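S.K.: following is a predicted model, sequence given first.
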Protein chains: 2
Amino acid sequence: MQVIQIYKCMCDALRLRILNVLQDGPLCVCHLMEIFDCEQVKMSKQLRYMKELGMVVGERQAQWIVYRLADSCDPLLAENLKCLQDCAGEELCFAEDRNKRAEIIARLREEPCGCPTAVISE
Amino acid sequence: MQVIQIYKCMCDALRLRILNVLQDGPLCVCHLMEIFDCEQVKMSKQLRYMKELGMVVGERQAQWIVYRLADSCDPLLAENLKCLQDCAGEELCFAEDRNKRAEIIARLREEPCGCPTAVISE
DNA sequence: CCAGCATATGCAGCAAGGGGTATATGCCGG
DNA sequence: CCGGCATATACCCCTTGCTGCATATGCTGG
């Protein structure tokens, strides 16, 4: 039941925020950790969960693993992600997360660290 | 965090189906049980959970309790419920549930059972 | 082959969710 | 006040999810 999977993925704050930033492009784990100030284990496990639900895919690039939204991104999911921006008044700052992502990408262009995030997000 | 509550409510198949039929109007517990062929305890517990999440409200009418979507039905929820109709291809038959509801309402008009469902859904 | 970085996995503990059985509550009609 | 209907609650058990700690894996550069 695909629909349920989607809601299962979105019913946790961190997962929802992850989906939100991945809208703007792929990210490797280290930068997801940075954006959400999140421990490695925690991030890794949430990503695994989301992968099992079929919402994201991870692709190895050298020592990094780059995550992005699954290709067959359901229109229902896409629609909901679009709506997140309107929830600015709430506790979770989806717009802020996306800004943080943009800052990281900008920084990586200045001082590349080898991680493929910046290249991919061209 | 309102958004998360919404997704928490929708991430279970039965709850999602309940929300779906309540779109068409209030129902008392006995008819919800009939539509989903569901035990009383199970139904009662899911309704309680949904009430705690603020998604539905229950109002006593004589010996029955009539449930409906909460007044402050978030636009995000409304949008998602609308989309359910498009998921007809999937396992869960949202349209079928709504038909079942319509049948019950029709039957109650013929042979009222005292329960307020039919009256309310005028 | 080794050291180091990025990421994943195994295990254990704990909270939340979901199901079932039994029982309680609230309302009604007599 | 009693019996019966509609619904809720308490209690128990099982499964799932989340967290943290420790450790493993996969890749790279030397």
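M.R.: Received it, and whenever you're ready, just let me know what you need.
S.K.: same question for the longest helix along chain A: list its buried residues.
M.R.: Identified as the longest helix of chain A according to DSSP state H is helix A:94-110. Neighbour counts over helix A:94-110 (16 or more other Cβ atoms under 10 Å in any protein chain shown) mark A:F94, A:D97, A:R98, A:K100, A:R101, A:I104, A:I105, A:L108 as buried. (Glycine included, C-beta is placed from N, CA and C.)
S.K.: now for that helix, which elements pack on it?
M.R.: helix A:13-22, helix A:29-36, helix A:117-120 (3 or more Cβ pairs under 8 Å, 6 or more residues apart in numbering or on different chains; DSSP states H and E).
S.K.: in JSON lines, list the buried residues of helix A:94-110 along with pLDDT.
M.R.: Below are these laid out as JSON lines (pLDDT from 0 to 100):
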{"residue": "A:F94", "pLDDT": "92"}
{"residue": "A:D97", "pLDDT": "95"}
{"residue": "A:R98", "pLDDT": "94"}
{"residue": "A:K100", "pLDDT": "95"}
{"residue": "A:R101", "pLDDT": "96"}
{"residue": "A:I104", "pLDDT": "95"}
{"residue": "A:I105", "pLDDT": "94"}
{"residue": "A:L108", "pLDDT": "92"}
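S.K.: ok, those residues vs chain B, which is closest?
M.R.: Using Cβ to the nearest Cβ, A:F94 is the member of these that lies nearest chain B, at 9.2 Å.
S.K.: quick one: the closest one from A:D37, how far?
M.R.: From A:F94 across to A:D37, the span is 16 Å (Cβ to Cβ, to the nearest Å).
S.K.: how about A:Q5?
M.R.: Distance, A:Q5 to A:D37, by Cβ to Cβ: 27 Å.
S.K.: flag every residue of chain A that's near DNA strand C.
M.R.: Within chain A, the positions near DNA strand C by Cβ under 7 Å from any atom of the strand are A:28-30, A:33, A:40-41, A:43-45, A:47-48, A:58, A:63-65, A:113, A:115.
S.K.: and those, which are buried?
M.R.: Buried among the residues of chain A next to DNA strand C by 16+ other Cβ under 10 Å: A:C28, A:V29, A:M33, A:M43, A:S44, A:L47, A:G58, A:W64, A:C115.
S.K.: distance of A:K8 relative to B:L84?
M.R.: Taken as Cβ to Cβ, the span from A:K8 to B:L84 is 16 Å.
S.K.: typed the wrong thing, it's A:R101
M.R.: 31 Å.
S.K.: helix, strand, or coil at A:G58?
M.R.: For A:G58, the assignment made with DSSP: H, G, I helix; E, B strand; the rest coil gives strand.
S.K.: okay but it is in contact with A:W64, surely?
M.R.: No: A:G58 lies out of contact with A:W64 (Cβ atoms under 8 Å); the separation is 9.9 Å.
S.K.: shared neighbours of the two, anything?
M.R.: When Cβ atoms under 8 Å, 6 or more residues apart in numbering or on different chains defines a contact, no residue borders A:G58 and A:W64 alike.
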